[in-house]
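A.B. asks: What would the 3D arrangement of this be:
(2 chains)
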2 protein chains.
Amino acid sequence: VLKVLFWRRTITEYGADSLGGLGERGLIAALAAMFPASPLASVGIGDDSAVLAAPSGSVVVAVDLLLEGRHFLRSLSSGYDVGVKAAARSLADIAAMGAVPTALLVALAAPGSLPSRWALDLASGLGYEAGRAGAGVIGGDTARADTVLVSVTALGDLAGRPAVLRSGARAGDVVAVAGSPGHSAAGYALLTEGVTSFPSLAAVHLRPAPPYDAGPEAASLGATAMIDTSDGLVADLRHVAGASGVVIDIATSSLVALRGEPLAGAASSLFSRTGSGDSPESLTLDWVLTGGEDHALAATFPPGTVLPPHWHVIGAARPVPADSPGGTVTIDGEHHQGPGGWTHFR
Amino acid sequence: VLKVLFWRRTITEYGADSLGGLGERGLIAALAAMFPASPLASVGIGDDSAVLAAPSGSVVVAVDLLLEGRHFLRSLSSGYDVGVKAAARSLADIAAMGAVPTALLVALAAPGSLPSRWALDLASGLGYEAGRAGAGVIGGDTARADTVLVSVTALGDLAGRPAVLRSGARAGDVVAVAGSPGHSAAGYALLTEGVTSFPSLAAVHLRPAPPYDAGPEAASLGATAMIDTSDGLVADLRHVAGASGVVIDIATSSLVALRGEPLAGAASSLFSRTGSGDSPESLTLDWVLTGGEDHALAATFPPGTVLPPHWHVIGAARPVPADSPGGTVTIDGEHHQGPGGWTHFR
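C.D. replies: Numbering: from 1, shown residues only, chains lettered A, B, ... in the order given. Predicted coordinates for the structure are as follows:
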């Protein structure tokens, strides 16, 4: 893997500082040098396939696409940012099963004119985030394309535990979230408005930082269901509710801590500047409930489970009432439907 | 996996027969219905990740990109063709390690205007080729993009055997190939010239058919090195020679059977029609030695290994002469260098 077939043009066409100039072998060598290895990989970059040990007898595997113009803009995101985000999206899917990430494969397509520096920054971001999750980069593929695209395959290990599915929530379970729901949406709003006073929120939008350790931790604590909140808290909890045959109710009173700083300050700043939203309070609630791309983990636990403080209880699973569809999320007991799972709460 | 985030537009914008009209859930359900399941997958399409059993304690994994305009044209290839080719490219990488393919993950990006029929044909092709290899489709991702792209991750199982690497060839080993080197290149030449009289060659170009079973078979027979001939026989054997520190010599006299029908007839037909190549004989030799995308398997075996008839001995590994670089391929003992590993032999 990491074979390059389509970098046929020469340094004279693109210049030495472009991918086309770097050439096939140069690109692969440069990328590979930025990546952490995996102690579980007996064969890594450079053969037809990689070979990864699966000590517990199974592997968890997911793939995510990250496309220029669709999931990121090169005007807004650096190569490093894109690398972190590409890795985080796939790695969070592994953690959401209760598994420990072990390895990534990275398929990269890019224009020959792409600056080499940008590609190396991408590799650096991928390598950083893989390392933060404890995973190595063990293979991939490259090709030429008119725009940048990254397809990241992530693998993980359940350490002998059963996977935590979306379908295991039971009426009575508590619903909790680890991570920072709403921070990415707030960061996006700040970036698009040019507000620079809350850099940590902008950073989370550009470089999501999923709480990988919380995934296996939740599994150890007996989580009955879990999901990565890529689409937004309500939208993703609706997937859990649907797969599990329950209603999930979120108590807005339980969101106070999640809606505090830095979200509260960012909402005040944006509201006074742009008047967007109905109030700063409605902005923070909207961000927390419907903002996507946080890659927080939302899980359900049997009632009475003692949770570490980084798991915030935000609601509970309820039985589906007679003559009511399952798969719904309620807020303080009231139904809300709409795009993003839930529209502007008031 | 197989979550769709970016199909927000409606049936009115694209029409019911387009992907945009089919919508997110419709697309996933339609794709999933075309795919074989994997008996090894305890979690398949529909959760954050898939879970695949690894009974022998390791997994083999590879990823390949297939991009519209780069690896295929929708004017030349049907959706079914593209599906077969996308699956075959990744699955051949698994077989080339001596592993049995077990599962695929498919990441698909496409325009909202893409006809649903094309996407379903793609899924059908992916499913057919996965099934031919004995693998199920256990997950994936979808997104919108301006052109079609498919990223296929393939997984496989070594059944307790060590992986067959590129680096294990030793001086004295015989070099053999399973599959049909040159058929894809001949098919491409026929297609571009509009010659329709050798449909089996065009079919192999559009829908490569790697000999998956020959991979684990070679491992059982004691293969010392193996590679999938995606770049062409000489180019890929050069990778083996380089990784193994040997010279690989191909004997043109041993290629007679490989250069027979249907290649010989196709070469005569093309030569009389277009005058391309120096002679029909040079065309067949060129196709066999430098034609890419066949996804045949080339392997080295200890001298004296008794090979089944579908393994064609084509040469031998030699020691690297003093003051000569390793990693070279010779033809009848003579050096050949150039793009594609080897240029027009005469």
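A.B. asks: so where do the helices sit in the stretch 151-300 of chain A?
C.D. replies: Here the stretch 151-300 of chain A has its helices, by DSSP state H, counting those that start in this stretch, at A:183-193, A:199-206, A:214-220, A:233-244, A:263-274, A:280-290.
A.B. asks: Let me have those in TSV, extended by mean neighbour count, distance to A:P115 and mean pLDDT.
C.D. replies: (C-beta placed from N, C-alpha, C; glycine too.) Compiled in TSV, the helices of the stretch 151-300 of chain A are given as follows (neighbours: other CB atoms under 10 Å in any protein chain shown; distance: least, CB to CB, whole Å; pLDDT from 0 to 100):
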stretch	mean neighbour count	distance to A:P115	mean pLDDT
helix A:183-193	23	22	94
helix A:199-206	20	19	95
helix A:214-220	23	35	98
helix A:233-244	25	36	96
helix A:263-274	18	32	92
helix A:280-290	24	34	94
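A.B. asks: among those, which is nearest B:A96?
C.D. replies: Among the helices of the stretch 151-300 of chain A, the nearest to B:A96 by CB to CB is helix A:214-220 (33.4 Å).
A.B. asks: ok now that closest one, how far from the chain's centre?
C.D. replies: In this view, helix A:214-220 has its centroid 16 Å away from the chain centroid, taken as CA atoms, centre = their mean, to the nearest Å.
A.B. asks: cool, and stretch A:131-142?
C.D. replies: The offset between the C-alpha centroid of stretch A:131-142 and the centroid of the whole chain comes to 16 Å, using CA atoms, centre = their mean.
A.B. asks: Equivalent analysis for stretch A:248-255, please.
C.D. replies: On CA atoms, centre = their mean, the centre of stretch A:248-255 falls 23 Å from the chain's centre.
A.B. asks: avg pLDDT for that stretch?
C.D. replies: Stretch A:248-255 carries an average pLDDT of 96.
A.B. asks: Chain B is nearest to which of the helices of the stretch 151-300 of chain A?
C.D. replies: Taking CB to the nearest CB as the criterion, helix A:233-244 is the member of the helices of the stretch 151-300 of chain A that comes nearest to chain B, at 7.7 Å.
A.B. asks: now for the closest one, which elements pack on it?
C.D. replies: Using 3 or more CB pairs under 8 Å, 6 or more residues apart in numbering or on different chains; DSSP states H and E as the contact criterion, the elements in contact with helix A:233-244 are strand A:225-228, strand A:247-250, helix A:280-290, strand A:297-301, strand A:311-318, strand A:328-331.
A.B. asks: Quick one: neighbours of the residue of the stretch 151-300 of chain A found nearest chain B, just the number.
C.D. replies: Of the stretch 151-300 of chain A, the residue with the smallest distance to chain B, taken as CB to the nearest CB, is A:S151 at 3.7 Å. Summarising burial for A:S151: neighbours were counted as other CB atoms under 10 Å in any protein chain shown, giving 31.
A.B. asks: repeat for A:R170
C.D. replies: Look at A:R170: counted by other CB under 10 Å, it has 15 neighbours.
A.B. asks: can you map out the strands along the stretch 1-150 of chain A?
C.D. replies: Ranges of strands in the stretch 1-150 of chain A, per DSSP state E, counting those that start in this stretch, are A:41-43, A:50-53, A:58-67, A:100-110, A:136-144, A:149-157.
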